[in-house]
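Colleague: Output the structure for:
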Amino acid sequence: MRNIKVERTVAATQSSVWAMLADYPNIGDWNDNITNSYAIGDATEGIGAQRQTELVPDGAMRMRETVTEWVPDEKMVIAIDQIEQMPVTQATQTFTLSADGETTSFTMSYDYEPMGDLGPVFDEQMTMGFNGFIDSLERAAQAQAAN
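Modeller: Just a heads-up that it's a prediction; the model follows:
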């Protein structure tokens, strides 16, 4: 297993950042890297909630994800149950938040098993993607707090 970890200070409150993450099936509404997302089943938050995300417009790159840990305002762990058209066989993603006044310390950790020898190249691409994710999250949390 490989690990990618990105830590940043997000210019939004912890509750605003959590509100975006906790709207679990609707990540595609604010994440610039996801073209579509929707709930699978009735649970839309908490342990066991599932979603499908599509990373390209035609839906060819998809992930089915399940929440395995949910600590409101602090932590969410997501198992990536199925990955289509990506060089990864299994993955788990962890989001950790802590308040720092009007900002939030945010950590995104991704444990994954790459196919073949693509790990170092994939690490670099995923790190760039995760920074883009955090940029999108920060903008969405700031907009949510302004409303």
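Colleague: Going by neighbour count, which residues in the longest helix belonging to the chain are buried?
Modeller: Determined from DSSP state H, the single longest helix within the chain is helix 119-146. Within helix 119-146, the residues that count as buried by 16 or more other CB atoms under 10 Å are 119, 122-123, 126, 129-130, 133-134, 136-142, 144. For every residue, glycine as well, the C-beta is placed using N, CA and C.
Colleague: What of stretch 29-42?
Modeller: Residues of stretch 29-42 classed as buried by neighbour count (16+ other CB under 10 Å): 30-31, 34, 37.
Colleague: Let's have the residues you listed in JSON lines, adding pLDDT, secondary structure and distance to Glu102.
Modeller: Converted to JSON lines, the buried residues of stretch 29-42 look like this (pLDDT from 0 to 100; DSSP: H, G, I helix; E, B strand; the rest coil; distance: CB to CB, whole Å):
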{"residue": "Trp30", "pLDDT": "94", "secondary structure": "coil", "distance to Glu102": "20"}
{"residue": "Asn31", "pLDDT": "92", "secondary structure": "coil", "distance to Glu102": "23"}
{"residue": "Ile34", "pLDDT": "90", "secondary structure": "coil", "distance to Glu102": "27"}
{"residue": "Ser37", "pLDDT": "94", "secondary structure": "strand", "distance to Glu102": "28"}
